[in-house]
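Chemist: heads up, no residue letters with this:
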């Protein structure tokens, strides 16, 4: 696509512009643009399109996305100006203010972030088709003019410095005189991105809502503002003062005991992000807005130096997950609050990649892309987002020749077929951490390449997702086979990560995923007509299953039945919720032992009195409880007023979901445990897909005791499905509507009791 890239020769943000004349009638005009790390495209005095932070993040050594804009209606007869603003992003990361670093208790990372280039670059191709049939192509070349940008510092973790003394009003208009601008130069070969070039096909980052800042009080010489919502956002405000006066704005997810913003991430690090604005002209209100990075938080501390003032402090919440496919409302406000909290958390973490949190790491950890997939797919249109996420994994998958530095200065080879836990991965932490496990090669993370594909196919019914990812999944399974230990287990990762009691049960959890990967790939092989491969996968899955049950399935005298013991507790019969749920969910349990394992699973839930599991086990615990008639337990546990509980976060005043089951978690915006939303749809509303794309569904609603009416709507790949349940004094009314062509069966067994169920 692009063979020419221009630059101003530095790693600092810059403007680029070119004036062109149009003197014939235009039939169509399309611009293809890429500025790295981030860009904003302009034409004739205005920003083009409603995007933010183009292009979305990728591994630029392997893949670069450009953005296509239809600008037919924006060109005018006469002089036109093409322009772009280019900032850093991950292409050449600036480290002023907070930038991620591993904490002191972890060993030094011998593979730190490496810039992709020494200079920022821009490529552009504008194709104009005229009414007379001729065509003109304008590309970014050394005839473009460039100038330093007033955003003199932009940090990918959310800090920016805006120097209004460098403002150039009208720079993107034909009347502007650029005589004092410099000439663009062609980028050196080492600065040109090496990756494949691809049109950005997935939803771009967009503003979904603007929040007004409310000044709460003043403390420590700062004015403290509250937006009322934790978010990922772009700050927008106006300043006034004397030239050179400074305003500093510090975002945070929480307030400290003194009422000031608290930027300390619990037990981790100080996230000292700061948006700085410098007054350009005396006594004139000047507009400022973040351009190339986004902040994370709910609160702002504003420090004004000299005569500086601030007004109209706003925050534009941004996300790539702006298209809503599902809604749920009920008359128990607790359920609505939990739903909204999880949805806002998902939105804040979908910024071109699926981040773990917007504050501390901003890494594209992959495990929620299957663990949270079904929950998110019910709420949001994730089809193209997941196609991009899975593509990132394929590009990130290792070959046998890939290597990193080890602690001794030698070479460390991760292994052919390995799927990194992050994709794209900018700061590879490839060496296992003593006592904690491997943070780079983790089966529930890498398995997104297989299981994320499965959930995508189930929800959207598009076999192409299997065709695109099958080979990568097979390579990953081959890698996993090389990591199986002498006892037949996978146990080198993080186990049930986030478990509040740190009961990680690595052997049980990780080997269950090995089985899940094998049987899922077998399903894919059958769909693709690969009979021989299916037979091999079935044989391997049976081998894993036989070993799993031979070593972990034991009789429990107390329960007078069978259960799964945790292999890492050699001298006791130790059970966790997840160690019973995963084998039930994935079909590892022998048929004649299923009732016993269900009994053991119920026992662990009732024994613990809440969900004692981490993000890895939680979706399986919730869904297994739903499947085996324990919806009442789910209702009880999610509405508990103390942790672990979703509602406890609401009582803590949180507007997004915390990282762990606790008050003041390390991150206040992690969607990794938002699995309960899937249960809203397939547990309460009972919308259960029986065939891919929801072409055939079962509707099996459940009415929690505290809910007397709910309405749930889901826009499936096959059309809308709507379920309404209303309880009156004498009966329960069930109204189901499905789009034409969807085959559905209504099952009222979960509603039957003292009142008559009436299907409307």
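Modeler: Cool, got the structure. Keep in mind that this is a model prediction, so the values were computed, not measured.
Chemist: which residue ranges form the helices in the stretch 401-550 of the chain?
Modeler: 443-446, 453-460, 464-483, 506-527, 531-552 (DSSP state H, counting those that start in this stretch).
Chemist: point out the most buried one among those.
Modeler: Mean neighbour count (mean count of other C-beta atoms under 10 Å) peaks for helix 443-446 among the helices of the stretch 401-550 of the chain, with a mean of 29. C-beta coordinates here come from the backbone N, C-alpha and C atoms, glycine included.
Chemist: output the longest strand belonging to this protein.
Modeler: strand 222-240 (DSSP state E).
Chemist: tell me the angle the helix or strand just after that strand makes with strand 222-240.
Modeler: Per DSSP states H and E, the first helix or strand lying C-terminal to strand 222-240 is strand 246-252. Calculated by axes from the mean of the first three to the mean of the last three C-alpha atoms, to 10 degrees, strand 246-252 forms an angle of 130 degrees with strand 222-240.
Chemist: strand 246-252: partners in the sheet, and parallel or antiparallel?
Modeler: strand 275-278 (antiparallel), strand 295-304 (antiparallel) (DSSP bridges).
Chemist: next, the buried residues of the following helix or strand past the first one.
Modeler: Think strand 275-278. The element immediately downstream of strand 275-278 (helix or strand, assigned by DSSP H and E) is strand 286-289. By 16 or more other C-beta atoms under 10 Å, the buried positions in strand 286-289 come out as 286, 288.
Chemist: any chance you could list what contacts strand 286-289?
Modeler: Residues outside strand 286-289 that contact it (C-beta atoms under 8 Å, 6 or more residues apart in numbering) are 162, 164, 167, 234-240, 277, 279-280.
Chemist: give the contact list for residue 102.
Modeler: Going by C-beta under 8 Å, 6+ apart, the list of residues near residue 102 reads 108, 109, 429.
Chemist: please disregard the earlier target; I meant residue 54.
Modeler: 33, 35, 38, 39, 40, 41, 67, 200, 204, 205.
Chemist: ok, and the most crowded of those?
Modeler: Using other C-beta atoms under 10 Å as the neighbour test, the contacts of residue 54 are led by residue 35, with 31 neighbours.
Chemist: how about the contacts made by it?
Modeler: 54, 84, 85, 86, 87, 120, 121, 122, 123.
Chemist: quick one, phi/psi of it?
Modeler: As for residue 35, its main-chain torsions (degrees, to the nearest 10) stand at phi -120, psi 130.
Chemist: now it: how far from residue 624?
Modeler: 48 Å (C-beta to C-beta, to the nearest Å).
Chemist: so how far is stretch 219-237 from its chain's centroid?
Modeler: 23 Å (C-alpha atoms, centre = their mean, to the nearest Å).
Chemist: ok, back up a step: residue 209: which of the contacts of strand 286-289 is nearest?
Modeler: Proximity of those to residue 209 (C-beta to C-beta) peaks at residue 234, which lies at 11.8 Å.
Chemist: surely the closest one meets residue 319?
Modeler: No: between residue 234 and residue 319 there is no contact under C-beta atoms under 8 Å: 11.6 Å.
Chemist: quick one on the thing from earlier: can I get the contacts of residue 35 in TSV with distance to residue 223, secondary structure and pLDDT?
Modeler: Listed next are the contacts of residue 35 as TSV, based on distance: C-beta to C-beta, whole Å; DSSP: H, G, I helix; E, B strand; the rest coil; pLDDT from 0 to 100:
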residue	distance to residue 223	secondary structure	pLDDT
54	33	strand	98
84	35	strand	98
85	30	strand	98
86	33	strand	98
87	28	strand	98
120	34	coil	98
121	40	strand	98
122	38	strand	98
123	43	strand	98
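Chemist: out of the strands paired with strand 246-252, which comes closest to residue 60?
Modeler: strand 295-304 (23.2 Å).
Chemist: that closest one: what's the following helix or strand?
Modeler: Next element after strand 295-304 (DSSP H and E): strand 309-319.
Chemist: what about the stretch 651-760 of the chain, any weak spots by pLDDT?
Modeler: Within the stretch 651-760 of the chain, no range satisfies pLDDT under 70.
Chemist: nothing else from me, thank you.
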